[in-house]
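[1] sharing a sequence plus its predicted fold:
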Amino acid sequence: MLLTFALVTARLLKLTEMVVNHGVTLGVVASLIGYIMPAFLELTFPMAVLLGVLMGFGRMSGDRELIAARACGISLYRLAVPVAGVAFAVSALSSWLAFSVRPWANRHLEERLFDLTRTTTSVGLREKIFNRDFRGLVVYVDSISPADSTLRGVMISDARNPAQQNTIIARRGIMIPDEASKSITLRLFDGSLFGVEAGRNASHVTSFRTYDLNVHPEEGLGIRGRDPDEMSYTELRQTILSARAVSQPNYEAETELASKYTVPFTTLLFALMGVPLGLKPARGGQSERFGLAIGLFFLYYSLMRAGEALAEHARVNAFFAMSIPDIIFAVLAAWLFLRSATDSGDQGRGAGDFLWNLIEQFEKRREINA
């Protein structure tokens, strides 16, 4: 719960603003949080397993229970069996979230956001503020009528097309939902459009009585997901095969499919890595182990994002790119576990000793200088 809350905090700030400034009910906000949650649980489950194994084995090691077990002939392999069982169960749960629950939740999230925007059209806009929530747009509204949500004194900078950037000024405007395309049409009245064409080094000014600008409501809330996130496994496979058939690969869909396999597998690697690291002494207590778990997860997340970027830009195969963090952590976990199981490693030195030694050296130098 703590780890999930830490990840969802950024979304909570935006949702809280909706409650305070736009009158969205707590029930609606709770439903949005529920739809967002599966995507975060996929990441927090492996992290929670790593933290649990680290703290559990750390407590047993500190109480000398592991020394007693090893003295009675119980090997580290046997001690790791229940950990592996829990890791397999959590990995299966993460796979279920990735293949079934998250696509379902993302589809319903999109529908809920559209319904919310249709009923509360100004939910993504604030008065007298340069709103940058819409991708490629900066929207300024002088006032919003509480009766009919009419926008007055509208200024928009449209940079969605870098080759042709526009600045739009209008006396008033309204927001019209389009259920077919799941988008919102921002209809402006009595204004002017100032356009700049970078390629031709030209500009133009156009006056209008009515001007329509299409935006996506989920972008206004800052929680829009990619289309592949909303597809089931079958739909994802069909999308990939169809794109390959016309020689236009959908690299985002291929990356999403690969992540469904690689991310849940991380749970097993973290559990295997947590056993030998939990045996190590921690001079900072459980807080040091908590920091170690956060650091390892941050390293994995950084590698995963790097692999995702490589896959989406077609640098390497999607499955290989998304497997890069798993391969690195699998080698590291196997090496640490085998060294601990065969008692060939230094069991008296903890993972955080390097940091503690640096602190001690710093303190000694400060005392000498004083």
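    Great, that's in hand. Numbers count the residues shown, from 1 in each chain.
[2] ranges for the strands of this protein?
    130-131, 137-144, 151-158, 164-178, 183-197, 202-215 (DSSP state E).
[3] quick one: which of those strands is nearest residue 68?
    Evaluated with C-beta to C-beta, the strands of the chain place strand 130-131 nearest to residue 68, the distance being 62.8 Å. Yep, even glycine has a C-beta here, placed from its N, CA and C like the rest.
[4] looking at this protein, which helix or strand does the model trust least?
    In the chain, the helix or strand scored least confidently by mean pLDDT, DSSP states H and E is helix 217-220, which has a mean of 52.
[5] was I right about residue 149 contacting residue 176?
    No - shown here, residue 149 and residue 176 do not form a contact pair, counting by C-beta atoms under 8 Å, at 10.9 Å.
[6] now do residue 198 against residue 332, distance only.
    Relative to residue 332, residue 198 is positioned 48 Å away (C-beta to C-beta, to the nearest Å).
[7] who's more crowded, those two?
    residue 332 (15 against 12; other C-beta atoms under 10 Å).
[8] from residue 272, how far off is the more buried one?
    10 Å.
[9] same question, residue 156
    For residue 156, the distance to residue 272 - C-beta to C-beta - is 53 Å.
[10] likewise for residue 255?
    If you measure residue 255 against residue 272 using C-beta to C-beta, the figure is 26 Å.
[11] ok, back up a step: would you convert the strands of the chain into TSV that also reports distance to residue 47 and mean neighbour count?
    Below are the strands of the chain laid out as TSV (distance: least, C-beta to C-beta, whole Å; neighbours: other C-beta atoms under 10 Å):
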stretch	distance to residue 47	mean neighbour count
strand 130-131	34	14
strand 137-144	35	18
strand 151-158	40	19
strand 164-178	38	18
strand 183-197	36	17
strand 202-215	35	13
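[12] overlap of the contact sets of residue 149 and residue 176?
    Residues touching both residue 149 and residue 176 (C-beta atoms under 8 Å, 6 or more residues apart in numbering): none.
[13] on that earlier part again, would you turn the strands of the chain into TSV with distance to residue 297 and mean pLDDT?
    Below are those laid out as TSV (distance: least, C-beta to C-beta, whole Å; pLDDT from 0 to 100):
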stretch	distance to residue 297	mean pLDDT
strand 130-131	33	82
strand 137-144	34	88
strand 151-158	38	90
strand 164-178	40	86
strand 183-197	36	86
strand 202-215	35	87
